[in-house]
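J.: Prediction below, plus the sequence it came from.
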Amino acid sequence: MRGMSPSLPVSRWRRVLAVLLSITPGCGHVLLGRWRRGLVWLGAMLLAQASIAFLGFAGLVITLGGMLGAAVDVVRLPPRETGVPRAGWVVLTLVGFWMVASLVGMTTRTWLAEPFTVPSVSMLPTLLPGDHFYTDKRVASPWRRPVERGEVIVFRPPPQPEVRYVMRAVALAGDTVAVRCGRLSLDGQEVERRTLGDCVGLSGVEDSCQRDEELLGEHPHGVLGWGSCMSAMDFPSDAGCPEKMETREAGCVVPEGHVFVLGDNRDNASDSRFWGPLPVEEVVGAARFIHFSWRPGGEGIRWGRIGTEVR
């Protein structure tokens, strides 16, 4: 058959290279001339990758399992009876596989699920510096599902649209929002909150830190405070409501097409209290789960946080 060498045992280097190439499932099969079987593995991996937005951490586990399964299949799989393909055919087929994988992967990251890294302490105790998490991109275009009250979102902040922030959407369009001494009020009612204790085990916080749980809709979550009232962090400020927000009683109304975001570390976050409501078109994803966590400074992996759902 044209393009094929005589049927010979697979050399060790080709088998090892096939296993290494299976980091992109299906590519290792190309070296054995099993490109159709490789297409099946590649398609399965791309579907699993796309499922992350729907299945969360389970989707990521399935994706990693697909990579391992493809490598194991290559180890035990004999070449085609007509022999292994020559180098030129291998290279051309691999380029095609990689182009498909890259295109579908980029589409998945753009429209379905994308990883981000937490750089700061503004979302303590929910997210720690060094946490790596996946987002559900369906809150962004073209899906544009509604942002839920209490959902942790990634967005382009109006003061710095070239960067990405991660914070909690605490109020939606039409809500009247106010913050006093770190305590959130919606429509004139203070959001229920219960004390959990001190902040032992959290780095980057002061000794006087206090950890609470805020019961906000379907997303109960931890927040940090310091007991004392920091008037500079209150909202609205003495200057009144920011542009686009109307005054109602003791708070400000979130305008249509916007959400109001706060950091869970209430006394250490640059959020809507300072630059106003966030346009929903600047939302790029909703945090779903932590897939990796590394202590800053090279102190090791936080194994216990891997697979944790972001609430």
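T.: Great, that's in hand.

J.: alpha carbons only for contacts and neighbour counts from here, please
T.: Fine.

J.: Show me what residue 113 is bridged to.
T.: residue 136 (DSSP bridges).

J.: Tell me how far it lies from residue 293.
T.: 18 Å (CA to CA, to the nearest Å).

J.: Comparing these two, which residue is more hemmed in?
T.: Set residue 113 next to residue 293 and count neighbours by other CA atoms under 10 Å: residue 113 wins out with 26 against 23.

J.: Show the end-to-end separation of stretch 159-173, please.
T.: OK, stretch 159-173 end separation, CA to CA: 20 Å.

J.: Sort out which residues of it are buried, please.
T.: Residues of stretch 159-173 classed as buried: 164-172 (neighbour count, 16 or more other CA atoms under 10 Å).

J.: Kindly reformat those as CSV containing distance to residue 265.
T.: What follows is those, written out as CSV (distance: CA to CA, whole Å):
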residue, distance to residue 265
164, 17
165, 14
166, 12
167, 10
168, 11
169, 14
170, 13
171, 17
172, 20
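
J.: now the helices: where do they sit in the chain?
T.: Counting by DSSP state H, residue ranges of the helices within the chain are 12-21, 27-31, 35-50, 52-55, 57-76, 87-111, 272-275.

J.: Which strands and helices lie in contact with the second one?
T.: Counting by 3 or more CA pairs under 8 Å, 6 or more residues apart in numbering; DSSP states H and E, the packing neighbours recorded for helix 27-31 are helix 12-21, helix 35-50, helix 57-76, helix 87-111.

J.: how about the lowest-mean-pLDDT helix or strand in the chain: buried residues?
T.: Lowest mean confidence among the helices and strands of the chain (mean pLDDT, DSSP states H and E): strand 193-198, at a mean of 85. Judged by neighbour count using 16+ other CA under 10 Å, the buried positions of strand 193-198 are 193, 198.

J.: so what strands line up beside it?
T.: Using DSSP bridges, strand 193-198 pairs in its sheet with strand 210-214 (antiparallel).

J.: what residue ranges in the stretch 151-300 of the chain are flagged as low confidence?
T.: 204, 206-207, 226-228 (pLDDT under 70).

J.: again, 90 this time
T.: Scanning the stretch 151-300 of the chain for pLDDT under 90 picks out 159, 181-182, 195-211, 217-219, 225-233, 238-239, 243, 249-250, 266-268, 296-299.

J.: Confirm for me that residue 149 is in contact with residue 215.
T.: No - counting by CA atoms under 8 Å, residue 149 stays clear of residue 215, with 11.1 Å between them.

J.: The two: which has the busier surroundings?
T.: The neighbour count for residue 149 versus residue 215, taken as other CA under 10 Å, is higher for residue 149 (18 against 15).

J.: Please tell me how far that one sits from residue 61.
T.: Taking CA to CA, one finds residue 149 at 29 Å from residue 61.

J.: mind listing what the closest residue to residue 213 other than its chain neighbours touches?
T.: With sequence-adjacent residues excluded and distances taken as CA to CA, 6 or more residues apart in numbering, residue 213 is closest to residue 222, at 4.4 Å. Shown in contact with residue 222 (CA atoms under 8 Å, 6 or more residues apart in numbering): 124-126, 211-214, 264.

J.: Which members of those residues are the farthest-apart pair?
T.: Spanning the widest gap among those are 124 and 214, at 13.1 Å by CA to CA.

J.: and these two? which has more neighbours close in?
T.: Using other CA under 10 Å as the criterion, residue 124 and residue 214 rank with residue 124 on top: 24 against 21.

J.: and that one, what does it touch?
T.: The neighbours of residue 124, taking CA under 8 Å, 6+ apart as the test, are 222-224, 263-265.

J.: Residue 18 now?
T.: By CA under 8 Å, 6+ apart, the contact set of residue 18 is 27-32, 71, 74.

J.: Output the residues you listed as JSON lines; include the columns distance to residue 241 and neighbour count.
T.: Shown next, in JSON lines, are the contacts of residue 18 (distance: CA to CA, whole Å; neighbours: other CA atoms under 10 Å):
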{"residue": "27", "distance to residue 241": "58", "neighbour count": "32"}
{"residue": "28", "distance to residue 241": "60", "neighbour count": "29"}
{"residue": "29", "distance to residue 241": "62", "neighbour count": "30"}
{"residue": "30", "distance to residue 241": "62", "neighbour count": "26"}
{"residue": "31", "distance to residue 241": "65", "neighbour count": "28"}
{"residue": "32", "distance to residue 241": "67", "neighbour count": "23"}
{"residue": "71", "distance to residue 241": "59", "neighbour count": "25"}
{"residue": "74", "distance to residue 241": "63", "neighbour count": "27"}
